[in-house]
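Visitor: Return atomic coordinates for the entry below.
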Amino acid sequence: MPLTSVREVLRCEHCLLVQFRTSNSMCRRCHKALDMEEAPAPIEVVAQSESPADCQDAGLRVAAQVKEIRKARHLSQRQLAGRMQVPRTYISKIENGKAIPTLGSLERLATALEVDICQLVRDGRSRRDSEVAEILADPFLAEIAQYLPNLEALQRSMLLNHARDRARESLMGKRRSA
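Guide: As a prediction, the model looks like this:
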């Protein structure tokens, strides 16, 4: 499958129009230069040893991370787009792997999502695997985890509620004695 070309989306610093980069790098509305400084290299520029498939995989990893973090922050695409001052459709294209954000867009995404830019480009599985390993390092939690698959939804809910109630009682007892 051939790699489709990626068009850079920019916001004019003068009139704030969001647009694709033009061939002459001039704003379509106010006709001023779009580049106030050296334009950042697009993220899709990869080392020659990487194949187009590797580039696509990296784009899809970024897409998955953006979507996962956005949902974890309880943000809609429209809200995220508002924080970035870009059209909602641009967020949709990023999340669906149809657009690969430039380095500048990645920085703005990270700021809008309140995360480090590294979280957008790292593989989510490795982060989840390390979180699971950290949780299971606790012997008590590891022992409970082995029984959870055998519980029905109601039993899980009852176990969680019981643990929550005991924790509240313990907290209240500590507050009374203090």
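
Visitor: show me where the chain has helices.
Guide: 52-72, 77-84, 88-95, 103-113, 117-121, 124-136, 139-147, 153-177 (DSSP state H).

Visitor: Minimum distance to N24: which of those has it?
Guide: helix 103-113 (19.3 Å; C-beta to C-beta). All C-beta spots, glycine's among them, are computed from the backbone N, C-alpha and C.

Visitor: model confidence over the closest one, on average?
Guide: In this model, helix 103-113 has a mean pLDDT of 88.

Visitor: related to what we said a few turns ago, which of the helices of the chain has the lowest mean pLDDT?
Guide: It's helix 124-136: among those, that one has the lowest mean pLDDT, namely a mean of 70.

Visitor: follow-up on the earlier one: mean neighbour count and distance to H14 added to the helices of the chain, as JSON lines?
Guide: As requested, these are exported to JSON lines (neighbours: other C-beta atoms under 10 Å; distance: least, C-beta to C-beta, whole Å):
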{"stretch": "helix 52-72", "mean neighbour count": "16", "distance to H14": "28"}
{"stretch": "helix 77-84", "mean neighbour count": "17", "distance to H14": "18"}
{"stretch": "helix 88-95", "mean neighbour count": "19", "distance to H14": "20"}
{"stretch": "helix 103-113", "mean neighbour count": "18", "distance to H14": "17"}
{"stretch": "helix 117-121", "mean neighbour count": "15", "distance to H14": "26"}
{"stretch": "helix 124-136", "mean neighbour count": "11", "distance to H14": "38"}
{"stretch": "helix 139-147", "mean neighbour count": "10", "distance to H14": "55"}
{"stretch": "helix 153-177", "mean neighbour count": "10", "distance to H14": "55"}
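
Visitor: Quick one, which of those helices gets closest to M26.
Guide: Closest among the helices of the chain, once you apply C-beta to C-beta, is helix 103-113, at 18.0 Å.

Visitor: Which strands or helices does the closest one pack on?
Guide: Helix 103-113 is packed against helix 52-72, helix 77-84, helix 117-121, with contacts defined by 3 or more C-beta pairs under 8 Å, 6 or more residues apart in numbering; DSSP states H and E.

Visitor: circling back: got CSV for the helices of the chain, with distance to R11 too?
Guide: CSV is the format used below for the helices of the chain (distance: least, C-beta to C-beta, whole Å):
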stretch, distance to R11
helix 52-72, 18
helix 77-84, 9
helix 88-95, 11
helix 103-113, 9
helix 117-121, 19
helix 124-136, 28
helix 139-147, 46
helix 153-177, 46
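
Visitor: Among those, single out whichever gets nearest to C30.
Guide: Per C-beta to C-beta, nearest to C30 of the helices of the chain: helix 103-113, 19.7 Å.

Visitor: I'd like the helices and strands packed on helix 103-113 as CSV, with distance to H162 appended.
Guide: Shown next, in CSV, are those (distance: least, C-beta to C-beta, whole Å):
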stretch, distance to H162
helix 52-72, 27
helix 77-84, 36
helix 117-121, 34
